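Engineer: predicted model follows, preceded by the sequence.
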4 protein chains.
Amino acid sequence: MSTFGDYFRVTTYGESHCRSVGCIVDGVPPGMELTEDDIQPQMTRRRPGQSALTTPRDEKDKVEIQSGTEFGITLGTPIAMIVRNQDQRPKDYGNSTMDLYPRPSHADWTYLEKYGVKASSGGGRSSARETIGRVAAGAIAEKYLKLAYGIEIVAFVSSVGKIHMFPPSATHPTPSTNPAFLSLLDTITREKVDEFVPVRCPDAASSAKMAEEIAEFRDRQDSIGGTVTCVIRNVPTGLGEPCFDKIEAMLAHAMLSIPATKGFEVGSGFGGCEVPGSIHNDPFVLAPEVPPLETGATKNGIPRPRLTTKTNNSGGIQGGITNGAPIYFRVGFKPPATIGQAQETATYDGAATGVLEAKGRHDPCVVPRAVPIVEAMAALVVIDALMAQQSRQQTRSLLPPLKGSTSKEA
Amino acid sequence: MSTFGDYFRVTTYGESHCRSVGCIVDGVPPGMELTEDDIQPQMTRRRPGQSALTTPRDEKDKVEIQSGTEFGITLGTPIAMIVRNQDQRPKDYGNSTMDLYPRPSHADWTYLEKYGVKASSGGGRSSARETIGRVAAGAIAEKYLKLAYGIEIVAFVSSVGKIHMFPPSATHPTPSTNPAFLSLLDTITREKVDEFVPVRCPDAASSAKMAEEIAEFRDRQDSIGGTVTCVIRNVPTGLGEPCFDKIEAMLAHAMLSIPATKGFEVGSGFGGCEVPGSIHNDPFVLAPEVPPLETGATKNGIPRPRLTTKTNNSGGIQGGITNGAPIYFRVGFKPPATIGQAQETATYDGAATGVLEAKGRHDPCVVPRAVPIVEAMAALVVIDALMAQQSRQQTRSLLPPLKGSTSKEA
Amino acid sequence: MSTFGDYFRVTTYGESHCRSVGCIVDGVPPGMELTEDDIQPQMTRRRPGQSALTTPRDEKDKVEIQSGTEFGITLGTPIAMIVRNQDQRPKDYGNSTMDLYPRPSHADWTYLEKYGVKASSGGGRSSARETIGRVAAGAIAEKYLKLAYGIEIVAFVSSVGKIHMFPPSATHPTPSTNPAFLSLLDTITREKVDEFVPVRCPDAASSAKMAEEIAEFRDRQDSIGGTVTCVIRNVPTGLGEPCFDKIEAMLAHAMLSIPATKGFEVGSGFGGCEVPGSIHNDPFVLAPEVPPLETGATKNGIPRPRLTTKTNNSGGIQGGITNGAPIYFRVGFKPPATIGQAQETATYDGAATGVLEAKGRHDPCVVPRAVPIVEAMAALVVIDALMAQQSRQQTRSLLPPLKGSTSKEA
Amino acid sequence: MSTFGDYFRVTTYGESHCRSVGCIVDGVPPGMELTEDDIQPQMTRRRPGQSALTTPRDEKDKVEIQSGTEFGITLGTPIAMIVRNQDQRPKDYGNSTMDLYPRPSHADWTYLEKYGVKASSGGGRSSARETIGRVAAGAIAEKYLKLAYGIEIVAFVSSVGKIHMFPPSATHPTPSTNPAFLSLLDTITREKVDEFVPVRCPDAASSAKMAEEIAEFRDRQDSIGGTVTCVIRNVPTGLGEPCFDKIEAMLAHAMLSIPATKGFEVGSGFGGCEVPGSIHNDPFVLAPEVPPLETGATKNGIPRPRLTTKTNNSGGIQGGITNGAPIYFRVGFKPPATIGQAQETATYDGAATGVLEAKGRHDPCVVPRAVPIVEAMAALVVIDALMAQQSRQQTRSLLPPLKGSTSKEA
């Protein structure tokens, strides 16, 4: 369905060419300062037309809050947000070949099989515009996470085609054993990532090569995939709901729901499956003292975890539950299906095979614009898990203390 | 939480050392023949003690249906199933070092952080025994899927450590472009996979090497990871609920909820992100005529899809919706955290660092026993998506036919 | 939360004085003709300012579909609908006494206790404007139910204060044993009900008395309650999901979620608890032959139920499941809390007691305008139960037929 | 479905004649002392065979905890509980008339219409045995509510047939304006109620008349309905989730899901709809000082609400949210459908009409045994709402305080 989350619940709507796209966010904490200014920056990072490497479709993507706030303060009631589709041309796709041929690897045919109705833009709801509501909702979640725990979520492009920022090697089948990678995770910021627009890969050499690669694919009317890596810092311990809603399961769900994704790996990931347990295991150490963050948690005397791990192959998650170390994961995006090149393919009715030449505007590589979407979905997962755990902790805190049993108190 | 699925809803219970483990399955179609004999085979494939390469903990894992059937026929009411824990030793883990040290990369510490209570077996619900309820529920789903659509779900071990059945190569960064791999997906059966017990990798040479590898790790009291590949054949078109519950998102959620998983990739996966769109796109072709399967769908005149794709980099999914081609995906499992080797790590209170020598019984590599768990979770995802789509189709079929509009009928 | 329904899922948003109110409806069957013209009539029946007996707040309540349709056909994707608040005066309530005193029996104080934030209109989300999204969503559900099964949902005012259309008597402690009442249920239409605007009680004598009663209460700046009775005809058998989501449980949930409701009774209701089982039981009889309705169900050969009941104390529901007879129920609405009379009450901080004189516009009796809201919520319950059952039936239909067992086929 | 609650989630299973009945409870707070001794008392109050006025079916209804506790302490993981069906006679109902005729007003026919399969006991899941899981789960919820907030839930029989403890009168169309009724609500305990076993109406005169009435109906092989009133004391303010999950909506849902229920009214109820707003409104007053309860809330410095209401027609709920005053409501139960008298009714196939003489064991009046079921369902509603609000409050408490805005802090 079009709803994500149990506690902080987002419902999105909108196709490529309807009046507006948007969402309703239910469960937003009351009493938080919130205006469109908190939301617009991520909308702008996501919007099309940012550079010569992205789709020329031009949309301002200006968000309007409809409800749930008064005088800039959240009421605790649902927040509806809408973004008008300026470029609203339902007929634009209706050329003769587009009517005859479902685009290969696009959603035209499967949407028709599923719903029995053909939107003029094919799989209208599979459009990247559907992600606008996610980014708007994610921005609200992020604001809360920052205020309450100083949680920082930063995504960046880690590969385009065969060009990797941290290519797997014999020494490091997974970057999780590479100190340079771990150090980047500790320090990377969105500002730093945006210095590398249009690619958003925070390494000058890689970024330049990637830009060149994307331009080449664009020029040949072809497309190419890539990966986005994301880190979440300052997450409290205890988030994630075993057994089915482990935090990595929710992240995987969230990420694979983003259009064009093909894979998800957390912590050491697939590479980690090749490392012996004796190396892969993350020993516990006493957490270093650090100056306290200016957060709600600090002001409320919520202690930082006593332990941390020496290495972090776990990616901050053990048994499906956060351990306070940075969570990091990587998401794979396929080459966009819509390409300018002619493609031989069957007609809808299978009666003939012919050549489809796509119209419509598209990105040759989606990863640069996927960065804020990955961040938004990560925020939605974390806030939902946080609210679940806050309910448990508050509920638990009212019980009489246990004593003298084999059950050990935290 | 401990519930999975909206239509075919499974709720599991049970720790490592309580009276029993099991589940309640709600939404099982009424009027289906079902006895314990339909469920036990997968339980037996999952159970410990199958070979010298798996944990020596010995459990019969005999399933008992408590409700929801009468005279071997499902009533449509919830089916409860229980498996008694024979080997019920809550104190077994209570040695002195286990009480002092949380096991590295295990769930001992995060469970304590989350719940504030220490089970005698550490993160008791993170035990592999928790998966028993999943496998029991999955077996019911599989029976239905087979009867209704001839759906076949087969998983197998595709790598152990660095030993891969289809290692990535310059020509094939992803096996999805490799005809040998695709041909295996079309033909592999569970019987074939089980010829390669204890490893369950259906290739004699790879299997032998993997068995040797696992034995070596076992002998050094170390552990190693691996991957499981799974194919789902004969899936109808139209399954998967955009935008958040795309079929690959649900599969990713399901797979990453299995203990010890680190990654999920579908179709061409991460390797596919390195392939140009012009090659990666799957052109449509007329579906070949094949002899009809003996299924409920055939008997009810439900047509097979008119189109299929020439290649299958999409892994049977486009826009989050099945296109009728085989779905396939790969799941990464980390090296088990519990190893016999001494490990230096901090105490629970962080006051000291010392050496933990783990007791308890464990597998040196989990992938052979993970095979039926992956199959079960895949079945749960598919049946839930199928029931959602069946509701839509039946609902839709009662509407007046559309005519003369730009909306095209399926 | 602000979401209702599992299959046909409505999420609403909006307070009394924000930019707009509205909803997103997910799960709408694809391929149905739908425009604003299908929705506006119920919006108009609900809107304020309809007569001298309702609140003078004037709102056009013009609905705009944002998404989910193209060329007047539903796509199967979420339908967002918005209604702009014309009369948007957040400060209007901010007089000095309103800031000091929570209004008795209104939601001002409980909203503040719950959310810790005081909206300028008090419990802004408890406003009757919140019901706009429900009515809009209900209108879509009703269109489908009519096309597919000829389902008719008609509500009417059955009492205002002590004036009852069918007052309980010694012979008929419940109207369900009264033939005049049952005959009305069989024949009443919305057109008939609206002949009795502004009261919507379809009996000339009662209606006149009720209008007089309401006018009197209005003139004394007081308020009065009443009840709405609703009938649902042509419901198929088999709807309702035991054990927690019985159809009457869902109806009760839906009705008690409408602002100002105090009670719900189904079929014979509370009066039926005083009737002996030997009279209360509804014997089965062969269903009479009737000319088939022009519906999707008829065209698809879905048979009408073979049996019906001679009496209908059950209100069309047995064991939580519909039996095909008319469902009927009654909902009680309290006198509106906002009255013009001065009321002595405590200040928010409890420091003093004083006299509150309410401003704001309000209805002296809500039942006439509650009629379309009750109908809308009934439609949402029925369509959700219908889609659940359609999933089950379609799923079941693909299983091999059973034979020779004690389980008997339908 | 068979699941109730979002935070404290109960899933039940079991028919009348299968191996066992029971439930899984997910979301139980960790660190609470819990053994079977906490649960058995309510099971015993519910069980059949308690007196000559209830069904002679004899079941010990001994509950066994399967999981989720260790050494008598909850782990925070799912708690499975089972009760074996001792009296397991699937064939017992299979007499010739029972096979031919669906019992009037029972669930035999609707279950067959819904599921297409006939259980040997008819609508097996509509059996009162299904409520065992509810009562077991409710007992856990009640223990928590008592420890954390001193919440007390007490239900009692308020009418049998036409015999009412508080019959409506001209002065008091609703008992909510009757001081004797309100005083009873403040003081009634379960111990007091059980002094009046077998009827459980805590008034000697009424109880005697009711017992006589039930005995008469039993002797004539007939049955009679009644009502149960329930009060919930010491509920914190702020529970209930607008707009669809108002606390009274959840209570109505819960109560109408109990077998044989026909109505629900809260606070002043249907009678309150006849009272003018100027009388019905509950003015706020400063809450009286009372000695603090020995609860977790008190120990954690959670303040009692500053205000209360002078009258309580609202039944402790305003705008769908608790205001701290006692919640009370009434539930109507119809006369049991299974009666010994011969009934003329149609056969399943409608081909003939004949006389059904029911076998099986049944209660002539269900209200005495319904008392613990009503209490259990009330506890499930309250704990779920409490956990939702605790999540919100804890989330909110980490935000920076607001100042100088028109939004007022609690």
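Structural biologist: It's in.
Engineer: and the residue of the stretch 101-250 of chain A found nearest chain C, how far from residue A:242?
Structural biologist: Proximity of the stretch 101-250 of chain A to chain C (C-beta to the nearest C-beta) peaks at residue A:115, 3.7 Å away. Glycine gets a C-beta too; all of them are placed from N, C-alpha and C. Using C-beta to C-beta, to the nearest Å, residue A:115 is found at 36 Å from residue A:242.
Engineer: quick one: contacts for residue A:300?
Structural biologist: By C-beta atoms under 8 Å, 6 or more residues apart in numbering or on different chains, residue A:300 lies in contact with D:397, D:398.
Engineer: please report how far it lies from residue A:149.
Structural biologist: Distance from residue A:300 to residue A:149, counting by C-beta to C-beta: 11 Å.
Engineer: tell me, what's touching these two both at once?
Structural biologist: By C-beta under 8 Å, 6+ apart, residue A:300 and residue A:149 have these common neighbours: residue D:398.
Engineer: that older thread, just the pLDDT at the residue of the stretch 101-250 of chain A closest to chain C, thanks.
Structural biologist: Here the pLDDT value assigned to residue A:115 is 95.
Engineer: what of the one 4 residues further on?
Structural biologist: Looking at residue A:119, its pLDDT reads 78.
Engineer: distance of it relative to residue A:348?
Structural biologist: 14 Å.
Engineer: of those two, who's got more company?
Structural biologist: residue A:119 (32 against 18; other C-beta atoms under 10 Å in any protein chain shown).
Engineer: for the more buried one, what are phi and psi?
Structural biologist: When read as degrees, to the nearest 10, the backbone of residue A:119 gives phi -70, psi 150.
Engineer: ok, residue A:30 next?
Structural biologist: Dihedral pair for residue A:30: phi -80, psi 160, per degrees, to the nearest 10.
Engineer: now do the contacts for the nearest residue to residue A:242 once chain neighbours are set aside.
Structural biologist: Leaving aside its sequence neighbours, residue A:242 sits nearest to residue A:320 (C-beta to C-beta, 6 or more residues apart in numbering or on different chains; 4.9 Å). When contacts are counted by C-beta under 8 Å, 6+ apart, residue A:320 touches A:240-243, A:245-249, B:107, B:126, B:257, B:259.
Engineer: and what of residue A:217?
Structural biologist: Contact partners of residue A:217, counting by C-beta under 8 Å, 6+ apart, are A:161, A:223, A:224, A:335, A:364, A:365, B:276, B:277.
Engineer: wait, is it part of a helix?
Structural biologist: Yes. Under DSSP: H, G, I helix; E, B strand; the rest coil, residue A:217 falls within a helix.
Engineer: quick one, grab the pLDDT at residue A:404.
Structural biologist: 51.
Engineer: how about the helices in chain A?
Structural biologist: Under the criterion DSSP state H, helices of chain A are mapped to A:36-46, A:96-100, A:108-115, A:131-149, A:179-187, A:190-194, A:204-219, A:247-256, A:269-272, A:277-280, A:296-299, A:367-397.
Engineer: among these, which comes closest to residue B:381?
Structural biologist: Residue B:381 lies closest to helix A:247-256 among the helices of chain A, at 10.8 Å (C-beta to C-beta).
Engineer: how about the residues of the stretch 251-400 of chain A near chain D?
Structural biologist: A:295-297, A:299-300, A:302, A:386-388, A:390-400 (C-beta under 8 Å from any C-beta of the partner chain).
Engineer: may I see the PyMOL selection of the buried members of the residues you listed?
Structural biologist: In PyMOL, selecting the buried portion of those, with burial taken from 16 or more other C-beta atoms under 10 Å in any protein chain shown, looks like this:
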select buried, chain A and resi 295+296+297+386+387+388+390+391+392+393+394+395+396+397+398+399
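Engineer: any stretches of chain A with poor pLDDT?
Structural biologist: Within chain A, the segments meeting pLDDT under 70 span A:56-57, A:87-96, A:121-122, A:358-361, A:404-410.
Engineer: ok so, going back, I'd like the contacts of residue A:217 laid out as CSV, including distance to residue D:44 and neighbour count.
Structural biologist: Converted to CSV, these look like this (distance: C-beta to C-beta, whole Å; neighbours: other C-beta atoms under 10 Å in any protein chain shown):
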residue, distance to residue D:44, neighbour count
A:161, 70, 21
A:223, 69, 27
A:224, 69, 29
A:335, 66, 30
A:364, 71, 25
A:365, 68, 30
B:276, 72, 17
B:277, 69, 26
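Engineer: looking at those residues, which are in strands?
Structural biologist: Judged by DSSP state E, these include no members of strands.
Engineer: and residue A:206, how close does it get to residue B:233?
Structural biologist: 40 Å.
Engineer: again, but for residue A:283
Structural biologist: 44 Å.
Engineer: over to residue A:281?
Structural biologist: In terms of C-beta to C-beta, residue A:281 sits 38 Å off from residue B:233.
Engineer: what's the local residue count around the residue of the stretch 101-250 of chain A closest to chain C?
Structural biologist: Residues near residue A:115, counting by other C-beta under 10 Å: 28.
Engineer: equivalent analysis for residue A:260, please.
Structural biologist: So residue A:260, with other C-beta under 10 Å, has 22 neighbours.
Engineer: over to residue A:164?
Structural biologist: 17.
Engineer: same check on residue A:355?
Structural biologist: Residue A:355 has 11 neighbouring residues, counting by other C-beta under 10 Å.
Engineer: and what of residue A:291?
Structural biologist: Neighbour count for residue A:291, taken as other C-beta under 10 Å: 5.
Engineer: from chain B, how far off is it?
Structural biologist: 19 Å (C-beta to the nearest C-beta, to the nearest Å).
Engineer: that older thread, dump the contacts of residue A:320 into a markdown table; add neighbour count as well.
Structural biologist: A markdown table is the format used below for those (neighbours: other C-beta atoms under 10 Å in any protein chain shown):
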| residue | neighbour count |
| --- | --- |
| A:240 | 28 |
| A:241 | 24 |
| A:242 | 27 |
| A:243 | 27 |
| A:245 | 22 |
| A:246 | 26 |
| A:247 | 29 |
| A:248 | 30 |
| A:249 | 27 |
| B:107 | 27 |
| B:126 | 28 |
| B:257 | 24 |
| B:259 | 25 |
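Engineer: tell me who's in contact with residue A:261.
Structural biologist: Contact partners of residue A:261, counting by C-beta under 8 Å, 6+ apart, are A:255, A:331, A:332, A:333, A:334, B:248.
Engineer: who are the contact partners of the residue in the stretch 201-350 of chain A positioned nearest to chain B?
Structural biologist: Closest residue of the stretch 201-350 of chain A to chain B, C-beta to the nearest C-beta: residue A:319 (2.4 Å). Contact analysis of residue A:319 by C-beta under 8 Å, 6+ apart lists A:242, A:246, B:106, B:107, B:110, B:111, B:123, B:126, B:259.
Engineer: excluding chain neighbours, what is closest to it?
Structural biologist: Nearest non-adjacent residue to residue A:319 (C-beta to C-beta, 6+ apart): residue B:107, at 2.4 Å.
Engineer: residue A:69 too?
Structural biologist: Per C-beta to C-beta, 6+ apart, closest to residue A:69 is residue A:34, 5.6 Å.
Engineer: and for residue A:355?
Structural biologist: Counting by C-beta to C-beta, 6+ apart, the residue nearest residue A:355 is residue A:342, at 4.8 Å.
Engineer: that neighbour - how many residues pack around it?
Structural biologist: By the criterion of other C-beta under 10 Å, residue A:342 has 14 neighbours.
Engineer: again, but for the one 3 residues further on
Structural biologist: For residue A:345, the number of neighbouring residues by other C-beta under 10 Å comes to 25.
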